[in-house]
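Q: What shape does this take:
(one chain, ligands or ions: 1)
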Amino acid sequence: MLPANMVPIAPSAPPAPPARPAPPAPAPRAQLIHIETDRRLGHEWDEWDGRALPNAGDFSAPPRLYFAFAGVTIAVVAGVLAGLLYLVLPRLGAVWAPLPTVLWLALAMGTGLVAAWYLLLLASFYSGVNLLPDRLLERGPFLRLMSYTSLVSRPFGRRDRVEHAAIDVYNTLQVRRGRKMGKGELLILIPRCLSKQSLDGVLEIAGRYEVPVFVATRGQLARRVIRERRPRAVVAVACERDMMTGLRDAAGKLPILGLTMRLPSGPCRDASLDLAKMEEWVRGWVTP
Ligand code: SF4
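A: Okay, here's the model as predicted:
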């Protein structure tokens, strides 16, 4: 006879299947606003000849490459201005005799100031301490120098690598500011060319930290999203060429961290990115 608190199991009844643990709740995913996956080239890649990009579209480069080209750029600009002065000064001297001396002095002082700023930039980057406020460093003159440096690097065929190094320097200085903000105050902007895997990863991060994510098919749309959503900061994803334009246009107005991509299938399609870096940046900005 069985104890009163036990129920007999009929021998013919099949054993009950073991209780399965409840499936884990799916990770929250952010809502995707818009996506296009065609190979419409961004205008920055108009001259692409269809051949595979060097190093499978990975333009990683050490910061010293940027600093070297930035130094050359400052020297080139000073040289061009000096050449122009040399050509026009005889005429200006005929108008007012001391004018050539005044202009030479002004050029020498301007070049000296730029050189001093450049040394402060170098010292800030390598010392780990930003020695100037952001408006005088990465969100100020740096953006202009970055654009001129890109122009100077093009004849050497180093454009993408120099731009990558410049963006890395900019990001390093920007991250050190240690900004904090609410989740709704941050925005993630991604391009239309991400691979499916990368896109899924971005949406997962955006969902985890409850940060809105937008696909900006053109720089103009990116600017419109920023104007309408009025975020306090942006984590933007783009290739080096597009990122340079975006930073030059918008980083002076609000803090932006720019995550560049790898382009293994050529420009404007199936781009991949460093998701761990993106999460680190998002977490750093929205975690109190
Ligand atoms: S971000 Fe993507 S779509 Fe835009 S220009 Fe660069 S590679 Fe092309």
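
Q: in stretch 105-119, what's buried?
A: 111, 117, 118 (16 or more other C-beta atoms under 10 Å). For glycine as for every other residue, the C-beta is placed from the backbone atoms N, C-alpha and C.

Q: Pull the residues that contact stretch 53-64.
A: Residues from elsewhere that reach stretch 53-64, judged by C-beta atoms under 8 Å, 6 or more residues apart in numbering: 125, 160-165, 168-169, 172, 240, 260, 262-267, 271.

Q: Report the rounded mean pLDDT for it.
A: For stretch 53-64, mean pLDDT rounds to 97.

Q: For the ligand, tell me which of the contacts of stretch 53-64 show up nearby.
A: Among these, the ones lying near the ligand by C-beta under 6 Å from any ligand atom are 263, 267, 271.

Q: of all those, which comes closest to the ligand?
A: For those, the residue nearest the ligand by C-beta to the nearest ligand atom is residue 267; the value is 4.4 Å.

Q: does the closest one count as helix, strand or coil?
A: coil (DSSP: H, G, I helix; E, B strand; the rest coil).

Q: Give me the phi and psi for it.
A: phi -70, psi 150 (degrees, to the nearest 10).

Q: give me every residue that touches it.
A: By C-beta under 8 Å, 6+ apart, the residues touching residue 267 are 41, 42, 45, 48, 53, 57, 193, 239.

Q: Residue 269 is in contact with the third one, correct?
A: What it means is residue 45. No - judged on C-beta atoms under 8 Å, residue 45 makes no contact with residue 269 at a distance of 10.6 Å.

Q: how many neighbours does residue 174 have?
A: When neighbours are counted by other C-beta atoms under 10 Å, residue 174 registers 23.

Q: Could you check which helix or strand contains it?
A: For residue 174, the enclosing helix or strand under DSSP states H and E is helix 159-175.

Q: Going by neighbour count, list what's buried in that helix.
A: 159-171, 173-175.

Q: what does that helix contact?
A: 59-67, 69-70, 124-125, 130, 134, 137-139, 142-143, 146, 149-150, 153, 240-241, 243-244, 247, 251, 255-258, 260, 281, 284.

Q: filter the residues you listed to the buried ones?
A: For the contacts of helix 159-175, buried by 16+ other C-beta under 10 Å: 59, 61, 63, 65-67, 69-70, 124-125, 130, 134, 137-139, 142-143, 146, 149-150, 153, 240-241, 243-244, 247, 251, 255-258, 260, 281.

Q: Show me these that map onto helices.
A: Counting by DSSP state H, those place 63, 65-67, 69-70, 124-125, 142-143, 146, 149-150, 153, 240-241, 243-244, 247, 281 in helices.

Q: Beyond the helix holding residue 174, next helix or strand please.
A: Assignment by DSSP H and E places the next element after helix 159-175 at strand 186-190.

Q: who touches that following strand?
A: Against strand 186-190 from outside (C-beta under 8 Å, 6+ apart): 199, 202, 205-206, 209, 211-216, 222, 225-226, 229, 231-237, 278, 282, 285-286.

Q: picking that back up, so how do I select the buried members of the contacts of residue 267 in ChimeraX?
A: To isolate the buried members of the contacts of residue 267 in ChimeraX, using 16+ other C-beta under 10 Å:
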select :42,53,57,193,239
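
Q: And the contacts of residue 267, which is closest to residue 106?
A: Nearest to residue 106, judged by C-beta to C-beta, of the contacts of residue 267 is residue 239 at 39.0 Å.

Q: With adjacent residues omitted, what lies nearest to that closest one?
A: Sequence neighbours aside, residue 261 is the residue nearest to residue 239 in space, at 5.6 Å (criterion: C-beta to C-beta, 6 or more residues apart in numbering).
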